[in-house]
Each structure stands twice: as C-alpha cells, then as structure tokens.
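K.L.:
Here is my input, please return the structure:
(one chain, ligands or ions: 2)
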Amino acid sequence: MTLVITRRALVAGAGLTLAGCDKLGNVPAVQRVLAGAEPLHRKLQRSVASPYALAPEYTRADMSPVFRVNGTANPNTPAYNAMVANRFADWRLEVGGLVARPLRLSLDQLRAMPARTQITRHDCVEGWSAIGQWHGPMLGTLLHAAGVRAAARYVVLTCADLFGGQPYYESLDLIDAFHPQTILAWAMNGHPLAVEHGAPVRLRVERKLGYKHAKYVMRIDAVADYASVRGGKGGYWEDSTGYDWYAGI
Ligand SMILES: Nc1nc2c(c(=O)[nH]1)N[C@H]1C(S)=C(S)[C@@H](COP(=O)(O)O)O[C@H]1N2
Ligand SMILES: [Mo]
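P.N.:
Ligands and ions are numbered 1, 2, ... in the order given. Next up, the predicted model:
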C-alpha cells in the first residue's frame, strides 16, 4: 500500500512546477521511502538535502566554450553505424520491464514530447567540469506514460556502446528517475546531440556525477532491484571499479 501511494506521489512530482518541489519533499509517503530500507550512505545523503532539491542552473553566458568528451566518443558498432548513416530514423527507444504499457519510441516521437531546457554543470570524477545546455523530455514523463508497476524501485538504462562485448549501463532509483531535472536530452547547446556526446539521446541526471549520465541510451527498464543485473552494482563503472552507485553531488 505504501508503495502505491509513494509511486503516485513520485508521478505527481514529474509534473510539478519547480516552486512546488519543496512541497513534494514534505509528502509523508516520500519521506517514508527515504527512511526505508535503503543503504546507509543513501539515507545520509537524503537526510542532508531534500530529494527534490534542484541542481544549480546557469545562464547562456556561463556555458563552457568547449565541453569535453569523455568515455565513449563513438560506439562504432555495426548496428550504431547503421543508425548514424540513416540519421537515426531506425533508432527506437524501448521502455519496458515492470511497466503496464511498454513503449517503443522513435526519435521524432521523443522530440514531439514536452521538453525541459536546463543549463547545468557536469562534474566528472576524472577532475573536470563543464557547463552546457540540455534539452529533452523528463524521464518521468516517459515512465508515467509507460505506467511503472508497484513492484518497481529502480530504472536501468542500457546504452549502444560496448565494453568487452557488454553495453554501458546505469541505474537510478525512482526518486532520481522522476526528478524534474532528470531528462532524456536530444539537444545540447541548441543543436541535435552530437555522436561524441551520446547521439541520439543521453540521460541528464543533474544531481549526480558524470558517469551516471548515460550516453547512447537504447533501453530503459523498470526493475525491482539491480542486484541481479550484470555485475549487480547498478552500472558499468560501479561493477568494474567500485565507483559509488549513488554518486550524489
Ligand atoms: N554510454 C556511455 N555513457 C557514458 C560514458 C560512456 O563511456 N558510455 N561515460 C560517462 C562519463 S565518465 C562521463 S564524464 C560522461 C561524459 O559525457 P560527455 O562525453 O558528453 O562529456 O558520460 C558518461 N556516460
Ligand atoms: Mo566521468
């Protein structure tokens, strides 16, 4: 029962105005989830900042003249190269797992969705930051359309680039998935997303470190837990180097 109420509160959060976000943080059901059986470090992070606090947003004048490229600069697989050659006309974003209505969206369909524009700072653990403008629908809007089932607690994003034959992947809890600044960006600095920055669509999850911002997103699955996914730590870097899953900033 608690889960159902919580899920509704989170879905409502996706549609809130920015000014309303503080109020959502006070919803008892949301507080219960925060105080629930979460790992200690996550509980501590949530206790010092509202889960709906927003990352700072900047002005056009603050935008970095050069936004560094990190990690994969081109997936360069036969499947990806074929999609690039066809200007992503055959690309489809699949939303599945624990959802009532699985989605299969074309780039045109994604671009037709209501979108948010945000100028934010990207912080990479390798010691660099850059400010850029991102534009795309809130992930929450897609999850709402798909109808996340009560058993779901996380979303797993699977990418087009391969590491040792396995795709890059990342995961978020539903609070971060429905955060207003968590978007599927298809434009950067006013232009369609370039291949080196994750074309055609990459995640922006502005309260998190750089490696959570999955580029080349192909699939999004709602899951009850990520322990049974791949290495069990919730992401490519989490599995391979022990980087923190929460990665809050
Ligand atoms: N699919 C995919 N997503 C990824 C990566 C990657 O290698 N593959 N690298 C991550 C890291 S460590 C960072 S800092 C950012 C870099 O994004 P940028 O190239 O747009 O600067 O993407 C993140 N998302
Ligand atoms: Mo990074």
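
K.L.:
who touches the closest residue to ligand 1 within the chain in this structure?
P.N.:
Using Cβ to the nearest ligand atom, the closest approach of the chain to ligand 1 is made by G71 at 2.2 Å. (C-beta placed from N, C-alpha, C; glycine too.) Under the criterion of Cβ atoms under 8 Å, 6 or more residues apart in numbering, the neighbours of G71 are 161, 168, 211, 215.

K.L.:
give me that answer again for 10 Å
P.N.:
By Cβ atoms under 10 Å, 6 or more residues apart in numbering, G71 lies in contact with 124, 126, 159, 161, 163, 168, 196, 198, 210-211, 213-215, 236-237.

K.L.:
and these, which are buried?
P.N.:
Among the contacts of G71, those classed as buried by 16 or more other Cβ atoms under 10 Å are 159, 161, 168, 198, 210-211, 213-215, 236-237.

K.L.:
hmm, back to that, can you say which helix or strand has the residue of the chain closest to ligand 1 in it?
P.N.:
Following DSSP states H and E, there is no helix or strand that holds G71.

K.L.:
what's it sitting at in phi/psi?
P.N.:
G71 adopts backbone torsions of phi 70, psi -140, taken as degrees, to the nearest 10.

K.L.:
how close does it get to E126?
P.N.:
Distance, G71 to E126, by Cβ to Cβ, to the nearest Å: 10 Å.

K.L.:
Enumerate the residues of this protein near ligand 1.
P.N.:
Neighbours of ligand 1 within the chain, by Cβ under 6 Å from any ligand atom: 67-72, 124, 159, 161, 168, 197-198, 210-211, 213-216.

K.L.:
Could you tell me which of those residues are located in strands?
P.N.:
Using DSSP state E, the members of the residues of the chain next to ligand 1 that fall in strands are 124, 159, 161, 168.

K.L.:
contacting residues around the third one?
P.N.:
Shown in contact with D161 (Cβ under 10 Å, 6+ apart): 71-77, 80, 167-168, 198, 214-216, 218, 236.
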